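no sequence on this one, just coordinates:
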């Protein structure tokens with residue numbers, strides 16, 4: 001199948017969808033060939049076949065702009081950031097703070113001080129659980145409740161379990177319906193005067209479901225609770241505007257948005273961050289240290305103890321700049337076509353079951369092949385040069401809800417092609433032949 005310059009559904013803002021089925025106006029031209037040329041790793045072969053990389057929900061590949069930004073940092077101006085007065089320290093500090101501003105603009109935060117650099121989404125959520133959840137002014141007490149959904153990644157579940165166990169609070173779970181959408185009626189019933197924190201994925205890493213975060217935020221705030229959003233799967237596919245979403249905290253990881261691993265960002269509303277105590281102690285997060293006591297820096301430095309991932313922040317900014325330069329609407333249009341075509345092609349194969357049919361989806365398809373374990377599916381596909389993810393996807397409670405041990409997940413990025421979707425479908429048909 002040819003790779004057209006495309007017009008399909010527009011990129012969604014805030015909590016909207018990037019689905020292939022939505023109607024939309026014509027989008028800017030998308031030069032797929034040029035985009036693919038920006039990613040050197042895609043040119044290699046695996047087991048003698050051209051690489052087809054469909055594991056973007058786990059980690060995406062990196063464009064030259066990111067590789068060059070990281071190399072340039074090490075080559076031209078690397079030094080520790082903060083209080084250094086020499087030229088290299090000043091250059092590195094300026095570059096890192098410029099990266100913070102890039103992240104601020106990408107998520108629509110009001111001020112750079114609302115952006116905390118972290119190692120990724122997992123650390124960001126743990127930071128909120130430790131600092132907000134245990135703070136003298138904000139912390140949970142016995143009898144309080146934390147509300148999560150049945151579709152959460154372990155990173156947005158286990159930290160809340162630990163917090164509830166320690167504090168004597170209760171963890172309550174919002175169910176999903178047969179389509180894989182959040183049961184909003186049940187959500188409203190579960191919200192109570194005791195609800196203090198609500199944690200929800202913007203996009204499910206198993207189902208691709210886009211949750212209505214803005215609507216959820218309104219319900220949460222009416223109860224006087226705060227909303228923590230796991231944006232790891234949303235940031236690569238949706239236009240994120242935290243002001244429009246109305247969330248209190250929003251976390252995402254660099255390695256999923258075409259940036260480096262070991263870096264990510266937490267957005268927090270300024271007044272909430274100001275009320276939160278440090279969660280790690282060390283250099284860089286203090287104002288004054290004496291044996292008698294210590295005073296702490298204001299956010300975001302209060303939450304960034306120790307030597308940071310300097311080159312990671314710079315690489316993350318390069319990745320976000322790359323996405324923005326491509327055109328966020330154009331990227332979503334192309335990814336929408338990929339998702340629609342994949343659903344059609346895989347859904348037409350006898351014995352293949354697509355997992356989840358939410359009306360608003362982004363980025364990925366999970367599926368089952370009748371009589372074949374997902375690990376075997378993944379192994380056969382790897383032999384054909386196709387990288388997918390097979391397993392429980394760090395969402396074991398969701399697997400229990402779905403009554404399956406695991407799924408195979410194909411996840412799409414801005415460089416994938418319709419021909420690659422056709423190759424995936426042919427490979428899945430080959431799996432059925434092998435295990436017939």
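It's in. What you see is a predicted model; the values in this text were computed from it and never measured. Numbering: from 1, shown residues only.

for the rest of this, base every contact and every neighbour count on C-alpha atoms.
Noted.

list the buried residues in stretch 317-324.
Going by neighbour count (16 or more other C-alpha atoms under 10 Å), the buried part of stretch 317-324 is 317-323.

over to stretch 366-383?
366-369, 373-375, 377-382.

next one: it to chain centre, how far?
24 Å (C-alpha atoms, centre = their mean, to the nearest Å).

which stretches in the stretch 151-300 of the chain count as strands?
With DSSP state E, counting those that start in this stretch as the criterion, the stretch 151-300 of the chain has strands at 170-174, 195-201, 226-230, 249-253, 264-268, 286-290, 293-296.

do you know which of these lies nearest residue 341?
Ranking these by proximity to residue 341 (C-alpha to C-alpha) places strand 195-201 first, at 25.0 Å.

contact partners of that closest one?
If you take C-alpha atoms under 8 Å, 6 or more residues apart in numbering as the criterion, strand 195-201 is touched by 140, 144-149, 151-153, 156, 211, 220, 223-231.

repeat the analysis, applying 6 Å as the threshold.
145-148, 225-230 (C-alpha atoms under 6 Å, 6 or more residues apart in numbering).

need the max-distance pair from the residues you listed.
145 and 230 (18.6 Å).

from the centroid of the protein, which residue is nearest?
Nearest to the geometric centre of the chain sits residue 232, at 1.0 Å (C-alpha atoms, centre = their mean).

that one and residue 252 touch, don't they?
Yes. Using C-alpha atoms under 6 Å, residue 232 is in contact with residue 252, at 4.3 Å.

so the nearest residue to residue 161 once chain neighbours are set aside bridges to which residues?
With sequence-adjacent residues excluded and distances taken as C-alpha to C-alpha, 6 or more residues apart in numbering, residue 161 is closest to residue 171, at 6.8 Å. Note on residue 171: beta-bridge partners residue 146, judged by DSSP bridges.

for residue 263, give me phi and psi.
Note on residue 263: its backbone torsions stand at phi -140, psi 150 [degrees, to the nearest 10].

give me the pLDDT value at it.
Listed pLDDT for residue 263 reads 98.

can you get me a residue count around the spatially closest residue to it that is not a sequence neighbour?
In this structure, residue 263 finds its nearest non-sequential neighbour in residue 119, 4.1 Å apart by C-alpha to C-alpha, 6+ apart. By the criterion of other C-alpha atoms under 10 Å, residue 119 has 20 neighbours.

can you name the residues that contact residue 119?
262-264.

quick check, pLDDT for it.
On the pLDDT scale, residue 119 gets 98.

before we move on, back to that, out of the contacts of residue 119, who has the most neighbours?
residue 264 leads the contacts of residue 119 on contacts (other C-alpha under 10 Å) with 30 neighbours.

now do the same contact list for that one.
Contacts of residue 264 by C-alpha under 6 Å, 6+ apart are 117-120, 252-254.

now do 8 Å
Residues 117-121, 124, 251-255, 313, 316 are the ones in contact with residue 264 under the rule C-alpha under 8 Å, 6+ apart.

can you pull out the helices in the stretch 1-150 of the chain?
32-37, 64-72, 87-107, 121-127, 133-134 (DSSP state H, counting those that start in this stretch).
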